[in-house]
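Trainee: Provide a 3D model corresponding to the input given below.
(one chain, ligands or ions: 2)
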Amino acid sequence: MHDSFQARLERTAKEQGADLFGVADLTSAVDFVCKQGGEHLKEFPRAISIGIHLSDQVVDGLQRHDDPRAILPYETLYCSVNSHLDQVAMLLARVIQVEGYEACPIPASQTVDSSKLVGTVSHKLVANLAGLGWVGKNCLLITQDYGPRIRLSSVLTDAPLRAGSRMDEDCGSCLACVRFCPVTALTGVPFSSLEPREVRFAADLCDGYMTKRTGPLGDQGLCGLCVYVCPRGRASAR
Ligand code: SF4
Ligand code: SF4
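Mentor: Numbers count the residues shown, from 1 in each chain. Ligands and ions are numbered 1, 2, ... in the order given. This next block holds a predicted model:
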């Protein structure tokens, strides 16, 4: 693959508002990817990961997450950034197709298995393999520049793009998110690809907490405390 095409994809993503761009080699994770999303995903050895940094002001407001004046801007931002990521992913897929390759954009917010609360493809896995960040003890992607204050989307492709390298876990001795979670859904066990998510995260506790919360518009509430509290995401850490 000529570098200019990859550079054009990155430039397109960033011109359209993405703050993060990386390419993952999925071959080492093909079994996991196919088990979650289906055997047809075998035809995509690469995936582009794109991310958008969330407003610090809005995320900092989550410390008052029982106050509708704080949670409404977060919910609005969450939905609009997801939708924007979907637009950027679709545009990248179009550019790839025009070049003669297959491309499949994966929606930013997706749950295809409500019992496990997982989507077709893990955006975190793609971003981790692309070298954009590691999976933290809050089970979110922690990026160098923005901590977990991001939303992610992915575009699967067979275009022979140059992939980044997986980033290792780097939470160190920090346990801020584990201590701050109101329902102790996080166990504090560092991420390992060899262990199931249940070792680190009780998804039912987190989901149950959010289901009980009513959002400012009468919809299901979000929580986001483990996004707010992570010191890696604070503006002062940049
Ligand atoms: S979103 Fe809230 S409930 Fe869920 S893990 Fe994070 S802090 Fe805990
Ligand atoms: S709060 Fe600390 S332990 Fe949790 S994800 Fe951030 S750096 Fe890791």
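Trainee: Just the CA atoms from the lowest-mean-pLDDT helix or strand in the chain would do, formatted as PDB, please.
Mentor: Lowest mean confidence among the helices and strands of the chain (mean pLDDT, DSSP states H and E): helix 30-37, at a mean of 80. This file holds the C-alpha atoms of helix 30-37, laid out as PDB (Å, rounded to 0.1, in the frame of the first residue of the first chain):
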ATOM      1  CA  VAL A  30      -9.100 -12.900  14.300                       C
ATOM      2  CA  ASP A  31     -10.700 -15.600  16.500                       C
ATOM      3  CA  PHE A  32     -12.000 -13.100  19.100                       C
ATOM      4  CA  VAL A  33     -13.300 -10.800  16.400                       C
ATOM      5  CA  CYS A  34     -15.100 -13.600  14.500                       C
ATOM      6  CA  LYS A  35     -16.500 -15.100  17.700                       C
ATOM      7  CA  GLN A  36     -18.100 -11.800  18.600                       C
ATOM      8  CA  GLY A  37     -19.000 -10.400  15.200                       C
END
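Trainee: mind pulling up the phi and psi values for whichever residue of the chain sits closest to ligand 2?
Mentor: At 2.7 Å from ligand 2, residue 136 is the closest residue in the chain, using C-beta to the nearest ligand atom. Glycine gets a C-beta too; all of them are placed from N, C-alpha and C. Here is the backbone geometry of residue 136 (degrees, to the nearest 10): phi -80, psi 180.
Trainee: Run a quick neighbour tally on it.
Mentor: Residue 136 has 27 neighbouring residues, counting by other C-beta atoms under 10 Å.
Trainee: Any residues of the chain in contact with ligand 2? List them.
Mentor: 136, 137, 138, 142, 171, 174, 175, 176, 177, 229, 230, 232 (C-beta under 6 Å from any ligand atom).
Trainee: Tell me which of the residues you listed fall in helices.
Mentor: Judged by DSSP state H, the subset of the residues of the chain next to ligand 2 located in helices is 176, 177.
Trainee: now the strands for this protein?
Mentor: Using DSSP state E, the strands of the chain run over 20-25, 46-53, 103-106, 133-135, 141-143, 150-157.
Trainee: who wins for proximity to residue 204 among these?
Mentor: strand 133-135 (19.3 Å; C-beta to C-beta).
Trainee: Now do the contacts for the spatially most central residue of the chain.
Mentor: For the chain, the residue nearest the mean C-alpha position is residue 152 (4.0 Å; C-alpha atoms, centre = their mean). Contact analysis of residue 152 by C-beta atoms under 8 Å, 6 or more residues apart in numbering lists 20, 49, 50, 51, 85, 108, 123, 124, 126, 127, 141.
Trainee: can you put the residues you listed in TSV and add neighbour count, distance to residue 73 and pLDDT?
Mentor: Shown next, in TSV, are the contacts of residue 152 (neighbours: other C-beta atoms under 10 Å; distance: C-beta to C-beta, whole Å; pLDDT from 0 to 100):
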residue	neighbour count	distance to residue 73	pLDDT
20	22	22	98
49	29	26	98
50	32	23	98
51	29	20	98
85	28	18	97
108	25	18	92
123	24	23	95
124	21	24	94
126	28	28	96
127	28	25	97
141	27	22	97
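Trainee: what about the chain, any weak spots by pLDDT?
Mentor: Scanning the chain for pLDDT under 70 picks out 1-3, 110-119, 214-220.
Trainee: what are the ranges of the helices in this protein?
Mentor: 3-15, 30-37, 56-60, 68-98, 123-129, 176-180, 203-212, 225-228.
Trainee: My guess is residue 158 contacts residue 47. True?
Mentor: No. Judged on C-beta atoms under 8 Å, residue 158 makes no contact with residue 47 at a distance of 10.4 Å.
Trainee: which of those two has more neighbours?
Mentor: A direct count of neighbours by other C-beta under 10 Å for residue 158 and residue 47 places residue 47 higher, at 29 against 14.
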